[in-house]
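[1] no letters, just coordinates:
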Ligand code: GDP
Ligand code: MG
C-alpha cells in the first residue's frame, strides 16, 4: 500500500466563492504535488459510493445533496506521509474547531460546508482515487 498519495475534493461552495486558486496554492505551498485533477459533477450514485461509510449517519442525505448540487474538483496529491499531513493541513471538520492556518479555518463556512475533503487512510485514498481516475490519468513521481 502506498503512503505517498491522498485524495481531495474542492467542494461546491468553495468553487463558487472562487477559492479554488487559493486552495490549490495551499496544496503546493505545503509540499503536495498534484498528480491528477479534474472538474466533475458528482452523480448521486457515485456520491453514495464515495460516502458509503456515512450511510447510517443522520446527515447522510444532506451531505449527498450538498456534494451533488454543483461541480466539484477532484485531485490526487503526492507527498511523503500524504494522508496524515494533508489532514493536518485541512484541519478539523468543523472550521470553528480547526487550527489557524488550516484550509478549513480559512475557507470553510460550517461543519457541513467545509471547503475540502481529505482521505482518512491510505486504503481510502487508493479507493477514492480509483473512483475518479484511471491509471493513465495519474502522473506519479517515481
Ligand atoms: P471529514 O473526514 O473531516 O470530512 O469529516 P467526516 O468524514 O466526519 O464527514 C464527512 C463530511 O460530511 C464532512 O466533511 C462534512 O461535509 C459532512 N458532515 C460531517 N458532519 C456533519 C454534520 O453534523 N452535519 C452535516 N450536515 N454535514 C456533516
Ligand atoms: Mg471523513
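    Yep, that arrived. Here the structure is a predicted model, which is why all the values come from computation and not from measurement. Ligands and ions are numbered 1, 2, ... in the order given.
[2] can you list the residues of this structure near ligand 1?
    With Cβ under 6 Å from any ligand atom as the criterion, the chain meets ligand 1 at residues 54, 59, 62-63, 93, 111-112, 114, 117, 120. C-beta here means a position set from N, CA and C on the backbone, and glycine is covered the same way.
[3] will you turn those into a markdown table that also has neighbour count?
    Formatted as a markdown table, the residues of the chain next to ligand 1 follow (neighbours: other Cβ atoms under 10 Å):
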| residue | neighbour count |
| --- | --- |
| 54 | 13 |
| 59 | 12 |
| 62 | 11 |
| 63 | 16 |
| 93 | 14 |
| 111 | 14 |
| 112 | 16 |
| 114 | 23 |
| 117 | 19 |
| 120 | 15 |
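[4] and those residues, which two are furthest apart?
    Comparing every pair within the residues of the chain next to ligand 1 by Cβ to Cβ identifies 62 and 120 as the most remote, at 19.6 Å.
[5] buried stuff in the helix or strand encompassing residue 126?
    Assessed by DSSP states H and E, residue 126 sits inside helix 122-132. Counting neighbours by 16 or more other Cβ atoms under 10 Å, one finds that the buried residues in helix 122-132 are 122, 124-126, 128-129, 132.
[6] pick out whichever of these sits closest to ligand 1.
    Taking Cβ to the nearest ligand atom as the measure, ligand 1 sits nearest to residue 124 out of the buried residues of helix 122-132, at 9.5 Å.
[7] nearest residue to that closest one other than its sequence neighbours?
    Leaving aside its sequence neighbours, residue 124 sits nearest to residue 7 (Cβ to Cβ, 6 or more residues apart in numbering; 7.6 Å).
[8] mind putting the residues of the chain next to ligand 1 into CSV with secondary structure?
    Converted to CSV, those look like this (DSSP: H, G, I helix; E, B strand; the rest coil):
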residue, secondary structure
54, helix
59, coil
62, helix
63, helix
93, coil
111, coil
112, coil
114, coil
117, strand
120, coil
